[in-house]
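> attaching a predicted model along with its sequence, questions to come.
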Amino acid sequence: MEKYKVMSFTNNKGSEDRLEKKRKGGFWLRKWDSVDVTYVFLFMGMHILAICAPFMFSWGAIWVALVMEVITALERTNILGERTQVSSHAGESRSGEYSNVPELKAQWFYRFLHSTYIWHKVSLAILLYILGGFPYLAWVMGMREVAIHHFTYFVNSVCHTWGERPWNTSDTSTNNWWVAICTYGEGWHNNHHAFPKSARHGMEWWQFDLTWEIIKFLGTIGLATDIKLPTEADKEKLKVRQHQTNKA
Ligand SMILES: [Zn+2]
């Protein structure tokens, strides 16, 4: 080990240093545009508010934050998200998966939502402040936003590191129960990678998947159509068999 370290140190020091500098420069020293600056302030503000939240305990604020957390998480990351193939799962898109994006862009309503996104947040913040003052702002715009963002990132980090892999996928995706609880079903991520088009992520009855229950309900009342699920043949192809794991 020591030998290897010395070797790589002497052979590659120059290029490694250059690479490191470039990596650092690429992140910190690149030209920042107004979108970057806006996001830095948005994320900093959100975290500062979240830190303040526990110091201003208010049942009203906590309830509003909880209810809005569920609604926002469900519609942003799950239902309006990739399960209906509207938005993207960063870095993991597969060909054809987001074929309805041009279709959405053609509708003025979705263009309006997209172009005025930041103002929805600003008006919500103002409304909350009028309703309940700073505690409402801290819990709903701070704690709730921070929780939603980190839970969403857990799907791409924790669910590629810790958990079960019942399906033979060519990646590192895992099913993680506690991420699944925090994200209303998105944590059954090995299931999702195995069957990316499936509207259902919790494949077993015990795999909590609130998003799937809501999609099922939307299907029953006719608001969701063409709901996709994996066939038994699809499952058979990817199932991890006991003898395979024993051999490996
Ligand atoms: Zn993934």
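Looks like it came in fine.

> what count of nearby residues applies to residue 75?
The burial count assigned to residue 75 is 13, neighbours taken as other C-beta atoms under 10 Å. (Each C-beta comes from the backbone N, C-alpha and C, glycine too.)

> now it: how far from residue 113?
Applying C-beta to C-beta, to the nearest Å, one obtains 11 Å for the distance of residue 75 from residue 113.

> so, low pLDDT: which residues of this protein?
With pLDDT under 70 as the threshold, the chain has low-confidence stretches at 1-28, 76-82, 84-100, 242-248.

> picking up where we left off before, now for residue 75 and residue 113: what residues contact both?
With contacts defined as C-beta atoms under 8 Å, 6 or more residues apart in numbering, no residue is adjacent to both residue 75 and residue 113.

> the residue most central in space within the chain sits in which helix or strand?
Central residue check for the chain by C-alpha atoms, centre = their mean: the C-alpha nearest the mean position is that of residue 152, 3.0 Å away. Under the criterion DSSP states H and E, the helix or strand holding residue 152 is helix 145-157.

> can you list the buried residues in whichever helix or strand comes after that helix?
Counting by DSSP H and E, the element after helix 145-157 in chain order, helix or strand, is helix 177-182. Going by neighbour count (16 or more other C-beta atoms under 10 Å), the buried part of helix 177-182 is 179, 180, 182.

> same question for stretch 227-238.
Buried residues in stretch 227-238, defined by neighbour count with 16+ other C-beta under 10 Å: 230, 238.

> can you give the contact residues for it?
Contacting residues not belonging to stretch 227-238 are listed as 167-169, 194-195, 197-200, 203, 215-216, 219 [C-beta under 8 Å, 6+ apart].
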